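> A predicted structure for the sequence below; I have some questions about it.
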Amino acid sequence: MGRPDRSQQAAFRKDFLFAIEKLFEGSTNLTGWVKSPSFKEYLMSYRVIQWATGSMGKTCLRAVIDHPDLELVGLLVYGKSKTGRDAGNIARCDTTGVIATRDIDAILALDADVVLHCPRIQPPYAHHNKEICQLLASGKNVISINGHTYPQYWGPEYMEEISEVCAKGGTTLFGTGLNPGFITEKIATAASGLCTRIDRIHVSEIVDCTSIPNPNYIFDVLGFGASLHEADLNESSWPPAELMTGMYSEVVAQLVDSLGLTLDHIESDHEVLPATKDLETAAGRIKKGTVSVTHWRWHGIVGGKRFFTLSIRWMMENAPPAKKDYNLWDVKILGIPEVEISVNLVTPKYTGYKTMAEQYAVAGSVINSIPAVCAAPAGILRIPVFAAYRPRFRSKFPPATAPTPSVRSCETS
Ligand SMILES: NC(=O)c1ccc[n+]([C@@H]2O[C@H](COP(=O)([O-])OP(=O)(O)OC[C@H]3O[C@@H](n4cnc5c(N)ncnc54)[C@H](OP(=O)(O)O)[C@@H]3O)[C@@H](O)[C@H]2O)c1
């Protein structure tokens, strides 16, 4: 007899728990302990639904399948060719007994602790809100890799809708990942706690996008290959600009709020650079003269000055700074003392998979947050901050709010 697969192991744990409960039923004072959440938690694993299996989702899926305390109970895919396949087959690992479906209602009907929500982000930024709210209302916590790190930014009306579905389902929404999710929310915020004074914070990201294969993501979401007339990153009516500004405004606002400051507003001076020649990239050709570099810069204005700048440079061409002569992220804090941190992710060798460092890192940030998300009270979970810099200890300065929260909807119907 071979080793039981993961669904057999989960079934065994359930049967074992049932047998233990029956054994002690009504007979001893161990009954309360046996029925307690901590005993169940000890025996049971977290039941997880994986939503989407792109490069990020597939890495999360494999991490779920491989994790001894996680039980995969459902898998949603978009691609017709993936429907009906075993999750293990899609993730290129052992069979799981969980079959991929495109049926959202079937996913909503499942009993699960958490959904790892990893679809491709689409403009407008609120595109996925409806399904996220349906999942939350159906009693499943949601971890998103597409923003939702600080929905408080959009104001009380927006928050009310999310809070309502969380209260209905007794669930939590948590946004995580790398950027958004890590470099500003965890690293820059933690580093601020080293300072007795801060004048300015700068976080920059530089990514070579030439190997990203998905044309929809590269051309429609990130805006590469657009004509320079069309591509106004500072104009929020252009779909990629609306999407990116929606997602990264939350990052800027969260940092300012974590330091107990009041955000006046967010301003930008984004720019694009044209391709100097036709470029052959993994997603397709970028014609000479069309967008080959997007340089996003959002500035959080505090007390009338640029206090925090988030700079993101995504490149299809060796625009300055020259290739490899840069870090993935740099955090610079001007203050007392000055702090400089550089972060790079390195793809491990010999894993047997083509998975890149960024994909493992997104999966790590998602998987490792599952216990905290499942234990959190209903509502939004913010990345916890310990002893960040605060110019004043007295709380609470007025929260940051966006100018136009009404454009975003989270209806569950
Ligand atoms: N927070 C962070 O730091 C961070 C870092 C990197 C990426 N991300 C986000 O992660 C997301 C997924 O990236 P990826 O690299 O996995 O993408 P990818 O490899 O291009 O895969 C595309 C994914 O989108 C799904 N998809 C197909 N049609 C769709 C539709 N109409 N609507 C929504 N999703 C659809 C695909 O479904 P199938 O399962 O059927 O293939 C697949 O899972 C991106 O939106 C990106 O913004 C976040």
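Received, thanks. Residues are numbered from 1 along each chain as shown.

> helix, strand or coil for G260?
coil (DSSP: H, G, I helix; E, B strand; the rest coil).

> was I right about it contacting P391?
Yes - using C-beta atoms under 8 Å, G260 makes contact with P391 at a distance of 6.9 Å. Any C-beta I mention is one placed from the backbone N, CA and C, and that applies to glycine too.

> Please say which of those two ends up with more neighbours.
Neighbour count, other C-beta atoms under 10 Å: between G260 and P391, G260 has more, with 16 against 12.

> roughly how far apart are the more buried one and the ligand?
Remark: distance between G260 and the ligand (C-beta to the nearest ligand atom, to the nearest Å) = 25 Å.

> now that residue, nearest residue through space, not along the chain?
R390 (4.3 Å; C-beta to C-beta, 6 or more residues apart in numbering).

> burial count for whichever residue of the stretch 301-413 of the chain sits closest to the ligand?
Nearest residue of the stretch 301-413 of the chain to the ligand: V362, at 5.0 Å (C-beta to the nearest ligand atom). By other C-beta under 10 Å, 24 other residues sit near V362.

> Need the pLDDT of it.
At V362, the pLDDT value in this model is 98.

> Can you give me every residue that contacts it?
By C-beta atoms under 8 Å, 6 or more residues apart in numbering, V362 lies in contact with 56, 59-60, 145, 177-178.

> Please, which helix or strand holds it?
In the assignment (DSSP states H and E), V362 maps to helix 357-367.

> now swap in V48 and tell me
strand 46-51.

> Please see if that strand touches the ligand.
No - judged by C-beta under 6 Å from any ligand atom, strand 46-51 makes no contact with the ligand; its nearest approach is 8.3 Å.

> Pull that strand out as PDB, backbone CA atoms only.
C-alpha atoms of strand 46-51 as PDB (Å, rounded to 0.1, in the frame of the first residue of the first chain):
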ATOM      1  CA  TYR A  46      -6.300  25.100   7.400                       C
ATOM      2  CA  ARG A  47      -8.600  24.400   4.500                       C
ATOM      3  CA  VAL A  48      -7.500  26.400   1.500                       C
ATOM      4  CA  ILE A  49      -9.000  27.400  -1.800                       C
ATOM      5  CA  GLN A  50      -6.500  28.500  -4.500                       C
ATOM      6  CA  TRP A  51      -8.000  31.100  -6.900                       C
END
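
> State the paired neighbours of it in the sheet, together with their directions.
Note on strand 46-51: by DSSP bridges, its sheet partners are strand 70-76 (parallel), strand 114-117 (parallel).

> would you list those strands in a markdown table and tack on distance to L255?
Output for the strands paired with strand 46-51, formatted as a markdown table (distance: least, C-beta to C-beta, whole Å):
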| stretch | distance to L255 |
| --- | --- |
| strand 70-76 | 31 |
| strand 114-117 | 23 |
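
> Now stretch 92-102: buried residues?
93, 96, 98, 100-101 (16 or more other C-beta atoms under 10 Å).

> residue contacts, the closest residue to the ligand within the stretch 1-150 of the chain?
Taking C-beta to the nearest ligand atom, the ligand has its nearest neighbour within the stretch 1-150 of the chain at G54, 1.9 Å off. Counting by C-beta under 8 Å, 6+ apart, G54 makes contact with 118-120, 214.

> Low-confidence stretches in the protein?
1-14, 17, 26-44, 319-323, 395-413 (pLDDT under 70).

> Now the residue nearest the centre of the chain. Its backbone dihedrals?
The residue lying closest to the centre of the chain (C-alpha atoms, centre = their mean) is I145, at 2.0 Å. Backbone geometry at I145, expressed as degrees, to the nearest 10, gives phi -100, psi 10.

> can you map out the strands along the stretch 101-250 of the chain?
In the stretch 101-250 of the chain, the strands defined using DSSP state E, counting those that start in this stretch lie at 114-117, 141-144, 172-175, 197-208.

> gap between the last one and the chain center?
The one in question is strand 197-208. Its chain's average C-alpha position is 20 Å from that of strand 197-208, according to C-alpha atoms, centre = their mean, to the nearest Å.

> Remind me what that strand packs against, helices and strands.
With contacts defined as 3 or more C-beta pairs under 8 Å, 6 or more residues apart in numbering; DSSP states H and E, the packing partners of strand 197-208 are strand 305-315, strand 329-336.

> F24 is nearest to which of the ones you listed?
F24 sits nearest to strand 329-336 of all those, at 52.3 Å, using C-beta to C-beta.
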